[in-house]
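*Asks:* I would like the atomic coordinates for the input below:
(chains A and B)
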Amino acid sequence: MRRLAVDTGGTFTDVVYIDDDTMRIIVDKVPTTPSDLGKGVLEAIRKINIDVSGVALFIHGTTAGLNTIAQRTGVKVGLITTQGFTDILEMTKSSRKDVYNYLWKKPEPLVPRYLRRGVRERTRYTGEITERLDEKEVKEVVGKLKEAGVESIAVCLLHSYTNPENERKIGEIINEVWPGVSVSLSHQVAREVGENTRANTTIISAYMGKAFTGYVSRLSDNLKDMGFRGQLLVLGPSGVLGIEAAREKPLCSLSSGPVGGAAGAAYLARLCGVKNVVTMDVGGTSFDVSIIKDGVNIERHESELMGYPVFNAGIEILSIGAGGGSIARVDSAGLLTVGPESAGASPGPMAYGLGGKEPTVTDAALVNGLIDPDYFLGGEVRLNLELATRGVSDIADKLGISLNKAADGILAVARNNMTTATIEILIGQGYDPRDFAIMAFGGGGGIFAGAIARDMSISRVIVPPDPGVFCARGILTMNLVHTYAQAYARSMDRMVIRELDDVYQLMETSALETLIAEGMSEDKIEYNRYLDMGYQGQYYYIETPVPGGELQEGAKKEIGGSFERLHETRYGHRIEAPLTTTGVRLKATGKIKDMPVPEIKKGKEISRNALKKKRKVYFDGSFLDTQIYERNKLICGNTIAGPAIIEEPFHTTVVMPGQILNVDQLGNLTIHTGGA
Amino acid sequence: MTKVDPITFAVVRNRLISIANGMIETAAHCGVSSFLSTIMDCSFAILDKDAGIISQSEKGILLFLSSSSPATRSCIDYIGKKNIGPGDVIVSTVPEFTGNHTSDAVLFTPIFFRNTLFGYTTSKAHWQDVGAKNTYPTDATNIYEEGLRIPPAKLFQGGKLQPAILDIIKWNSRAPEQVWGDIQAQIAGCHFGEKQVNELLEKYGIETIDACVEEMYDHSERLTRLAIEKIADGTWIAEDFMDSNGIDLDTPIIIKVAVTVKGSNITIDFTGSDPEQRGPMNGLWVTTLSAARMAVKALTNPELPANEGSNRPVTVIAPKGCVYNAGPAAPTFLCGNVASTILELINKALYAVLPERIPASSGGDVCGMGFFGVDIGTGKQWATLSSAAIGNGADFLSDGDNGTVHHSIAGSAGGSGGSIELTESTFPLVIESYQLVQDSGGAGKNRGGLGSRMQIRLLSPATLFAFIEKGKAPHWGVDGGKEGLRNYSVVQPKDGNEFEVLKTSGMQLHSGTIVSATAGGGGGYGNPLERDPEKVRRDVINGYISEERARLDYGVVVDPQSFEIDKAATRRLRSSLLRDGSTAK
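*Replies:* Okay, the predicted model is just below:
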């Protein structure tokens, strides 16, 4: 099978092509084209010059949806909700973020107040409808929204997760009086408890839906024009999905590239027999970190998107503003700060010579010899050392220290921000960093990972093949995944197991249909069932595994037992209280044929042309003579002692003094830090 | 003392902060009452061996946060440091020690590293019921009516549960199971912290961590002093009042502060405030101290994590026997409201010299009210807080936030607990509506944030309690900005006339009664006649202000049909209003 992946990032659009039969792999990147993202995608494909008609699978990760929200270019959305609750968007999540800052402000709601309309109706949490809809009133409200020029209507009624009848009816009335307008119903977008999060999720879906589906359709047409006849899949939050499903749930596209990297890392970790990995993706503007435990990506159900809470189940990624483009400044109290502001791709670091006026992490790395000005992006971009030096020396003057100390300080502060974020996500899950290996990728992963590992007492860093385009490669390892969730509030002792079984059966039927339509065969489909459970009174739940197949009465005891064990492991105690459930979840996976990972040549000796040159690199306070290697010339079995630098066109790996690097059969570079 | 390298320092410092955050998350995740899980009426912190504050969770009740150090210290002093050993869990609900009312229990565990005391992980959490004369007594006249006071006692000794202590707690609560469930959650949070800190000690060694902690304090102190130095030297005073003490409902309580800035030191002096009250609106020294420190922190380095160091430049004076430092027998159930006033009283005093850090008055209070009773459907004891969200004051940069929580509880979800759906599915009540209140934000060049109104219909007989402040005291504006709407609640019996309530205790309500809680808005900033007419027009379109107030307060004439601004009429109106000075200061 021939596979193609294009991952559009903030700075670059990466492309990876793999032919399973010949094991030929092509990787490349082009600048992202923000005004028309599709242009960059097509350019990337053209650049690698392959026969598109032979490609069976094209998987695309895009920020098209995300950009729509970030740049506020979505459609005008109207919200219909239960009368008396049109302000829930502004209120019910009322805690403040920057807790001591009196001047902190909440984000503006995505739908202004005059476009939020209430209708008389009421559904109780039990599902009982205590007030029927007044059709006439709904029609009037729709008319008013139409008059106000909305292009899309989001509907979120109280308790619609338990009985969506009124919401569904509103959907029908809208279709009747205004056929063709786009409608998002909250119980279809996210059938979960919590009106504020559900409303925001529905609104975001309505807001970005048009731009996203338009983008996908145009891309699909353009690909056809190029001769592509295979299947187009879109990257979702924990797997890939067909474009029909993506059009229906545009929200799923909001997790872009970093998810591909996390998934690819898990795939590779399983191949290498590494159980616990923390992934570090260092790009131009952001640092993305995720956890792999026992070979599986850690997922979450709720997240925050630019300050708005959303239900969007998928791989958990923590993203902070730290990357090659992060800007270094000295504040009024003489404190050096790096990021979160980034110089982006334009003007970019000062060394780009495109008018950047403030020094960045990349400039600091250049000044201290960590990167080669003539081999940045494989030599496509020439870096100007003089400009970088000018910027960093400005910082040095303000701090009253030497140029190289300042550059080292910039790198250290950036690295520390990364370390803190990593520790936070690990500790948040109750994990000990020392039980993990780091997998580093993105343009700058290898520059920092060895030092981060040293700071965190992590013993091993793995730099996978093609780290500079690893997210795009990772996308190609992902399976088709569809997740389903439904609020399900029951007390465990009164829960009817048949009813629960029916809910799973329905979900599985729907999943099966979708996956078959996406070309999956039934024997390649796997279901994972979960029940959100807690002790009575608890608000937070623990996702508890549920056995597959037809559920028998005895399953209750089994599920309850699993929950109590999980609770005890996580929090250290059990509670003498009845058990309750809050939600049912299903993850349906359609297995795409495993992506092969080619093995590289074996041997002991480092080939002579692998050693490119020597240069002076600044480590921990002084310049050391450092060997520079070309990665693609290294073979399995090679061992290199730090200080050393391994270069490849889109990535640089730094081996700190005292660290040892090995090359394995799959071409991974493994740095042993000597720690823990 | 070992000198730490800056990177180890940064790593350890951030780790200690994130551990504190992990502690509160853990507790909220296993809490069984809405107070702990959704409202997050709690706080968690890591203390050094002298009970100085190393780091604290950034969620929860900020006023608790800053008081966890002196509160824990007084409990340690009571028990005696020597008598505390590994595996002990100590608990107390004595206001004199905890700085809070009897419902807010302090619970802490020592952190021993290889048999050496390193410090403590400590918590405060609101227990649903501690057996006061009613669940939330707002009219107690002495401490003995306010429920169980557990002197600092070991609930666990050497890892072993002391059943007698637990029994005393359970036998004195109307909701024993919820309280025990939440205690276990508090312990889980503290143990989480203890374990994580131990790993840190294991990795870096106790000397390095001690050195890091010392540097954390010094670093925070340096930055706090730098910020104080930028404030003009002098004494800045303010006076305000609290509505009532809960018993003498028509008598305001005068509060005064004098803030003296001298170089890098700041003194907050409450001398001149009214004496201790006979009702439960009495402040406790521990919380007065902490609230004043928190105010300074918010005005100097809000972005810095809080620790002992930022407290060093701050001196607090509150004479014994005044409303901010009541004696041990005084009723103190509403001490939280008293402490909340400190933040904005200090703001009022310092606005003259720190206008770029200080907004106008917010709704000013947590707008607390709630219910308890036995659910006729399930036979279970229930209790909840149902406060509506207040508006924030406007500042020199922008309008105040609509529908938010008071600064004193900024990390908490407030009484609405974050979700209408969840509230309705947990308690026997229906929320009929929850909306922003038009015209509730103080008019100004920048408008105060809007308050909100929550209408609640009871599905079961219940007892109402309310402890609303700022129902009379003004939500002041700054620099010519106007006042925001006051706070109040209204009870509408099923048959009978509605009446207003600010503070009440033990009021029996029938099923079907409707209670509407109105949380007021924030004050405005600047002369409303200087507000951009386009912004006024948008506020009218969005219904944040009425077309009438647009005319009267802002001098902007907006056509109610087309929403167009009548420019000529606006010009005329604004110049005549300016002439009269009816709006401007």
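*Asks:* from here on, just use CA atoms for contacts and neighbour counts.
*Replies:* Will do.
*Asks:* alpha carbons of stretch B:13-33, as CSV, please.
*Replies:* What follows is stretch B:13-33, C-alpha atoms only, in CSV (Å, rounded to 0.1, in the frame of the first residue of the first chain):
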residue,chain,number,x,y,z
ARG,B,13,9.8,25.7,42.9
ASN,B,14,7.5,24.8,40.0
ARG,B,15,7.2,21.3,41.2
LEU,B,16,6.2,22.4,44.7
ILE,B,17,3.5,24.6,43.2
SER,B,18,2.2,21.9,40.9
ILE,B,19,2.1,19.4,43.8
ALA,B,20,-0.2,21.8,45.7
ASN,B,21,-2.4,22.0,42.7
GLY,B,22,-2.4,18.2,42.5
MET,B,23,-3.5,18.1,46.1
ILE,B,24,-6.7,20.0,45.5
GLU,B,25,-7.5,18.2,42.3
THR,B,26,-7.2,14.9,44.2
ALA,B,27,-9.5,16.0,47.0
ALA,B,28,-12.1,17.5,44.6
HIS,B,29,-12.0,14.2,42.6
CYS,B,30,-12.8,12.1,45.6
GLY,B,31,-15.0,14.6,47.6
VAL,B,32,-18.6,13.4,48.0
SER,B,33,-20.3,16.7,48.7
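*Asks:* can I get stretch B:535-552 in CSV? Just the C-alpha atoms.
*Replies:* Extracted in CSV, the C-alpha atoms of stretch B:535-552 (Å, rounded to 0.1, in the frame of the first residue of the first chain):
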residue,chain,number,x,y,z
LYS,B,535,-20.2,50.8,22.9
VAL,B,536,-23.3,52.2,24.6
ARG,B,537,-25.3,51.2,21.4
ARG,B,538,-23.9,47.7,21.5
ASP,B,539,-24.8,47.4,25.2
VAL,B,540,-28.3,48.3,24.3
ILE,B,541,-28.5,45.8,21.4
ASN,B,542,-27.2,43.1,23.8
GLY,B,543,-29.6,44.2,26.5
TYR,B,544,-26.8,44.8,29.0
ILE,B,545,-28.3,48.2,29.5
SER,B,546,-31.7,49.6,28.7
GLU,B,547,-32.4,52.2,26.2
GLU,B,548,-33.6,54.4,29.1
ARG,B,549,-30.3,54.1,31.1
ALA,B,550,-28.4,54.7,27.9
ARG,B,551,-30.1,58.1,27.8
LEU,B,552,-30.0,58.9,31.5
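*Asks:* so which residues of the stretch 1-150 of chain B form helices?
*Replies:* For the stretch 1-150 of chain B, helices defined by DSSP state H, counting those that start in this stretch occupy the ranges B:6-30, B:34-37, B:62-79, B:95-98.
*Asks:* so what's the residue count around the nearest residue to B:Thr122 once chain neighbours are set aside?
*Replies:* Using C-alpha to C-alpha, 6 or more residues apart in numbering or on different chains and skipping residues adjacent in sequence, the residue nearest B:Thr122 is B:Phe108, 4.1 Å away. The tally of other residues near B:Phe108 (other C-alpha atoms under 10 Å in any protein chain shown) stands at 30.
*Asks:* thinking B:Phe108 is in contact with B:Ala125, fair?
*Replies:* No: counting by C-alpha atoms under 8 Å, B:Phe108 stays clear of B:Ala125, with 11.1 Å between them.
*Asks:* so what's the residue nearest to B:Thr122 bridging to?
*Replies:* B:Ile90, B:Thr122 (DSSP bridges).
*Asks:* so which of the helices of the stretch 1-150 of chain B comes closest to B:Gly418?
*Replies:* Closest of the helices of the stretch 1-150 of chain B to B:Gly418 is helix B:34-37, at 10.4 Å (criterion: C-alpha to C-alpha).
*Asks:* and that closest one, what does it pack against?
*Replies:* helix B:6-30, strand B:116-126, strand B:381-385 (3 or more C-alpha pairs under 8 Å, 6 or more residues apart in numbering or on different chains; DSSP states H and E).
*Asks:* what about it, distance to the chain center?
*Replies:* Per C-alpha atoms, centre = their mean, to the nearest Å, the displacement of helix B:34-37 from the mean C-alpha position of its chain is 15 Å.
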